[in-house]
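Peer 1: Fold the stuff below for me.
(2 chains)
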Amino acid sequence: MDTVPLRPAPVLLAGAKSVPRRVQGNLTIALFLLPSVALFAFLVIFPILQSIYYSFFDWKGFGPAVDFVGLNNFITILSDKVFLVAVKNGLLIITFSLLLQLPLALVLAVLLGRDLPGRVVFRTVFFLPYVISEVITAMMWLFLYNPDPDRGLINAILVLLPGGRAHPWLGDLNSALPAVFVALTWKYFGYYVLLFVTGLVQIPTDIEEAARIDGADSLQSFRYVTVPLLGSTIRTCVYLSVLGSLQQFIVVWIMTKGGPVNVTETMATYMYRFGLVYFKLGYGSAVAIYMFLICLAFSIVYQRLTRRPDYLGGL
Amino acid sequence: MRRIDTVPRQRWNWRKLRTRSLQYLVLSLVAVAVLIPIVVLAFGALKTRGEFLTRPYVLPVPPRWENILGILGQPKYGFWTMMRNSLLVMVATTAGVLVLSSLAAFVFARMEFRSKWLIFNFFTLGLMLPISVAILPVYLVLRQTSLTDKLLGVTFVQAAFLLPGTILILRGFFASIPAELQDAAYIDGCAVFDFFWRILLPLARPALAAMTALTMIASWNDLLVPLVVLNNEELWTLPLGTMQFQGQYSQDLALISAFVLLSAVPMILFYLVAERQIVAGLTEGAVRG
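Peer 2: Below you'll find the model as predicted:
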């Protein structure tokens, strides 16, 4: 007589007939993880480790790296005025982003609000530049900034104004960096609007209502209710904005190549110039290591100081 | 065009009307500022070279399709070759990233093992390392392998750098699927892979769609990786070709405008079709963490 066991042995139920679940599990883990770990290790981690090695050499890329120079590359970089300009520009772009880009995005998000008819249309338009590639962004702005008023729209409008004169926006030492920054803002502000709108929608309406009943005007309600409740969104935006500013390359490279006279140089254009244009691979590697350390240090410090924000956005 | 929901009837007073008008005014001004560069580009693209020089900003009436048709019709501009290369890279990168990262995200979300967090943190290191920081080190590694000047090389690098973010977000989605479901499936004799394939992935379809859309954009728009990996003109992707085109035909701004516009069109269309997925993916990515 067959009896049905009350509690069947788990091994029998483990799908694949004779393989114990534990073994099956370990096999799954190994097979599922292996491809991504391998690809990531080979093309992200290994390159960095190898560059640490090369950064101790004076190496032009022909034959093996033999000319060991110790920490010389790292010291030379720090004494190069152009690199210091690149660092300064990075800090300037971060400052502009935090003081202009994010507040602009926050204000627009608040204006979009929860129930404005047509808000979807505005959101779609604001976010459009984010999906347009950096190459196209840079070229569109090159057209607009063209110093010849017959070709560049901005100067064409300027010369129409009384007393207005055409200005070489990207050729002038003072206006080149702000001009590039405007193009960057055009491309990226919509992303922050989107994040702020998402954050705003999550704030319960009754809190804002309670503030209104307590007599807060809309400015007070914004300052004392909305902004504090958006805390985690703001922290995320600041993180993404700083990390994004540190890595700017394509838009700058196409618009100015870091010029004129290095006034728009960023760390990434500096690295690209020395590594992939002049082919000073050891020196370029050292620049990459500096950049990596700066990004890493910022990430770690920022996450210690705030709740762990998200990292996405490296699109 | 989506129909816009009307607000429930409410008493309109002057103050409210004033606020609303101000809101619309500011938002419309910004919207116009956003659209101007694109409109100027389109105007330029629909003019002849002569018209572009004499009247660059007036409406392109009548529109001149010569430049656009020329780029689409003449093989010397290489538009369709670049389009094909971009498509190949995009499809391969997206497929690779989605398959690899959903496998890894499943393990991180659903299985317990020693050194799990060590490996997970290993991936999060990649999130602090944007591709433009690592491009020179990556180039040096590619040089030692036979991956330079191959579309596969572009795909490999793009995929490697897109993996960490995708794994992180998918892990969040997978973890939010109730554990009871997994227990029930296992008790019913479901193997681990069957649970992943037949139950988890179908449930995570919205998340997978969002990540697919984001990966497609990232891969399609990428210039940096093709720039350092590809030399052979036959292999250029659309962004790389667009950049080179500017140097080659720098005298003919109308022609460049046409080329830039044409290379922008696919992504704009894709955005209008997949906006929901793109927005969901990006906000999800930034809210989780």
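
Peer 1: Distance check, the one residue in the stretch 101-250 of chain B that gets nearest to chain A against A:Gln24.
Peer 2: Of all residues in the stretch 101-250 of chain B, B:Ala191 sits closest to chain A, at 3.1 Å by CB to the nearest CB. All C-beta spots, glycine's among them, are computed from the backbone N, C-alpha and C. According to CB to CB, to the nearest Å, B:Ala191 stands 7 Å off from A:Gln24.

Peer 1: Over to A:Phe56?
Peer 2: When distance is defined by CB to CB, A:Phe56 is 47 Å away from A:Gln24.

Peer 1: the more surrounded of these two?
Peer 2: Remark: of A:Phe56 and A:Gln24, A:Phe56 carries more neighbours, 19 against 16, as counted by other CB atoms under 10 Å in any protein chain shown.

Peer 1: Just list the residues touching that one, thanks.
Peer 2: A:Phe68, A:Val69, A:Gly70, A:Leu71, A:Asn73, A:Gly282 (CB atoms under 8 Å, 6 or more residues apart in numbering or on different chains).

Peer 1: Any idea how many residues pack against the third one?
Peer 2: Put plainly, it is A:Gly70. 9.

Peer 1: which residues of chain B score low on pLDDT?
Peer 2: By pLDDT under 70, the low-scoring segments of chain B are B:1-12, B:53-58, B:285-289.

Peer 1: Tell me where it has helices.
Peer 2: B:14-45, B:49-54, B:66-73, B:79-110, B:116-127, B:131-144, B:151-175, B:179-187, B:192-194, B:201-203, B:205-221, B:224-229, B:238-248, B:253-287 (DSSP state H).

Peer 1: Any regions of the stretch 1-150 of chain A where pLDDT drops low?
Peer 2: Applying pLDDT under 70 to the stretch 1-150 of chain A flags the ranges A:1-22.

Peer 1: Export the helices of chain B as TSV, with columns for mean neighbour count.
Peer 2: Shown next, in TSV, are the helices of chain B (neighbours: other CB atoms under 10 Å in any protein chain shown):
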stretch	mean neighbour count
helix B:14-45	15
helix B:49-54	15
helix B:66-73	16
helix B:79-110	21
helix B:116-127	16
helix B:131-144	23
helix B:151-175	24
helix B:179-187	13
helix B:192-194	19
helix B:201-203	13
helix B:205-221	21
helix B:224-229	24
helix B:238-248	21
helix B:253-287	20
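
Peer 1: how does the chain divide into domains?
Peer 2: If you meant another chain, say so; for now it's chain A. By the record's domain assignment, chain A is partitioned as A:10-42, A:77-305 (automatic domain parsing).

Peer 1: look at chain B instead
Peer 2: Domain assignment of chain B by automatic domain parsing yields the ranges B:14-71, B:78-287.

Peer 1: which among the contacts of A:Phe56 end up buried?
Peer 2: Neighbour counting with 16 or more other CB atoms under 10 Å in any protein chain shown marks A:Val69, A:Asn73, A:Gly282 as buried within the contacts of A:Phe56.

Peer 1: before we move on, could you check phi and psi at A:Phe57?
Peer 2: phi -120, psi 150 (degrees, to the nearest 10).

Peer 1: give the contact list for it.
Peer 2: Neighbouring residues of A:Phe57 by CB under 8 Å, 6+ apart: A:Ala65, A:Val66, A:Asp67, A:Phe68, A:Val69, A:Gly282.

Peer 1: what residue is smack in the middle of the chain?
Peer 2: Because you didn't say which chain, this covers chain A. Centroid-nearest residue in chain A, with CA atoms, centre = their mean: A:Gly244, separated by 2.2 Å.

Peer 1: Please refer instead to chain B.
Peer 2: Nearest residue to the geometric centre of chain B (CA atoms, centre = their mean): B:Ile217, 1.1 Å.

Peer 1: doesn't B:Phe270 make contact with it?
Peer 2: Yes: taking contacts as CB atoms under 8 Å, B:Ile217 lies within contact range of B:Phe270: 7.5 Å.

Peer 1: list residues touching both of the two?
Peer 2: Jointly contacting B:Ile217 and B:Phe270 under the rule CB under 8 Å, 6+ apart are A:Val131.

Peer 1: would you list the domains of chain A in JSON lines and tack on distance to B:Gln23?
Peer 2: Shown next, in JSON lines, are the domains of chain A (distance: least, CB to CB, whole Å):
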{"stretch": "domain A:10-42", "distance to B:Gln23": "46"}
{"stretch": "domain A:77-305", "distance to B:Gln23": "5"}
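
Peer 1: Just name the most buried of those.
Peer 2: Most buried of these, by mean neighbour count (mean count of other CB atoms under 10 Å in any protein chain shown): domain A:77-305, with a mean of 19.

Peer 1: Between the two ends of that domain, what distance do you get?
Peer 2: End-to-end distance for domain A:77-305: 30 Å, by CA to CA, to the nearest Å.

Peer 1: just how off-centre is it within its chain?
Peer 2: Centroid separation between domain A:77-305 and its chain, computed with CA atoms, centre = their mean, to the nearest Å, is 9 Å.

Peer 1: Then stretch B:236-243?
Peer 2: 15 Å.

Peer 1: contact partners of that stretch?
Peer 2: A:133-136, A:139, A:254, B:78-79, B:81-83, B:85-86, B:89, B:154, B:220-223, B:226-227, B:230, B:244, B:259-260, B:263, B:266.

Peer 1: Recalculate using a threshold of 7 Å.
Peer 2: With CB atoms under 7 Å, 6 or more residues apart in numbering or on different chains as the test, stretch B:236-243 has contacts from A:133, A:135-136, A:254, B:78, B:82-83, B:85-86, B:89, B:221-223, B:226-227, B:230, B:244, B:259-260, B:263.

Peer 1: Which residue is the nearest non-sequential neighbour of A:Tyr54?
Peer 2: Spatial nearest neighbour of A:Tyr54, excluding adjacent residues (CB to CB, 6 or more residues apart in numbering or on different chains): A:Ser285 at 4.3 Å.

Peer 1: check contacts around the one you found.
Peer 2: Going by CB under 7 Å, 6+ apart, A:Ser285 touches A:Ser51, A:Tyr54, A:Ser55, B:Leu136, B:Pro137.

Peer 1: do the same with A:Val44
Peer 2: Counting by CB under 7 Å, 6+ apart, A:Val44 touches B:Gly126, B:Leu129, B:Ala134, B:Ala160, B:Phe161.

Peer 1: among those residues, which two are most distant?
Peer 2: B:Leu129 and B:Ala160 (10.6 Å; CB to CB).

Peer 1: wait, isn't A:Thr256 in contact with A:Pro178?
Peer 2: No: look at A:Thr256 against A:Pro178 with CB atoms under 7 Å: they stay out of range, at 11.9 Å.

Peer 1: So A:Leu111 lies in a helix, does it not?
Peer 2: Yes: A:Leu111: assigned to a helix according to DSSP: H, G, I helix; E, B strand; the rest coil.

Peer 1: Fine by me, we can end here.
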